[in-house]
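Undergrad: Fold the stuff below for me.
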Amino acid sequence: MISLPSRQDRHFPCTSCYGHFAMLNAIDHVVVTVTDLELSIDFYTRVLGLDAHYHDATRTDLCLDGFALRLHGPEASAARPAESPVPGSQTLGFRSSLPLAEVKAHLEALAIPMELAPGATPDDIETWSSLYVRDPDGNLIEISRPRRR
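TA: Residues are numbered from 1 along each chain as shown. Here you go, the predicted structure:
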């Protein structure tokens, strides 16, 4: 049986994972199915600051520090179907180096409604704080930052 880190220790850096054999060394990409590719590209680039590195009629790769968030429009999902690609069914967590008050001000300036403000959820733990918004398809976007000690 694998010993998993406690809930308090689950955020990166995952010091409890060092020293264990890992067949994998990174997450390359995550696919999110969207209903309107252009609207979603705008949200993830303009609102969250990801960079578009590849774009065609059916998909876009948005990159952040070597990781790709791959947006699949309806046509791409039909060509490479996942078991149940339902737009709006994902939760994506991002880490921010900015204070969450600055992130919140940026989102408010762009008229992005706040789903939950920092400190408003039981998932906020002693060492981390998060805020939540939704993308155009309703996927929950969590933006987290370590609390100062």
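
Undergrad: Can you tell me the element the residue most central in space within the chain falls in?
TA: The chain has Leu92 as the residue nearest its centroid, 3.0 Å off, counting by CA atoms, centre = their mean. Assessed by DSSP states H and E, Leu92 sits inside strand 91-95.

Undergrad: What are the buried residues along that strand?
TA: Neighbour counts using 16 or more other CB atoms under 10 Å place Phe94 of strand 91-95 among the buried residues. Any C-beta I mention is one placed from the backbone N, CA and C, and that applies to glycine too.

Undergrad: any idea how far the helix or strand just after it is from the chain center?
TA: Moving toward the C-terminus from strand 91-95, the next helix or strand (DSSP H and E) is helix 100-109. Here the centre of helix 100-109 is set off from its chain's centre by 17 Å, with CA atoms, centre = their mean, to the nearest Å.

Undergrad: buried residues in helix 100-109?
TA: Buried, per 16+ other CB under 10 Å, within helix 100-109: 100, 103-104, 107.

Undergrad: Tell me which two of those sit farthest apart.
TA: Taking CB to CB as the measure, these span a maximum distance of 10.0 Å, between Leu100 and Leu107.

Undergrad: Find the residues that touch each one of these two.
TA: Leu131 (CB atoms under 8 Å, 6 or more residues apart in numbering).

Undergrad: hmm, who's touching the strand holding Leu92?
TA: 12, 30, 32, 48, 64, 69, 130, 135, 139-145.

Undergrad: Leaving out chain neighbours, which residue sits closest to Gln51?
TA: I think there's a mix-up here, since residue 51 is Asp and not Gln. In space, and not counting its chain neighbours, Asp51 is closest to Cys63: 5.1 Å by CB to CB, 6 or more residues apart in numbering.

Undergrad: and if you look at Gln90?
TA: Distances taken as CB to CB, 6+ apart place Asn139 nearest to Gln90, at 4.4 Å, with adjacent residues excluded.

Undergrad: again, but for Asp135
TA: Among residues not flanking Asp135 along the chain, Phe43 sits closest, at 5.3 Å (CB to CB, 6+ apart).
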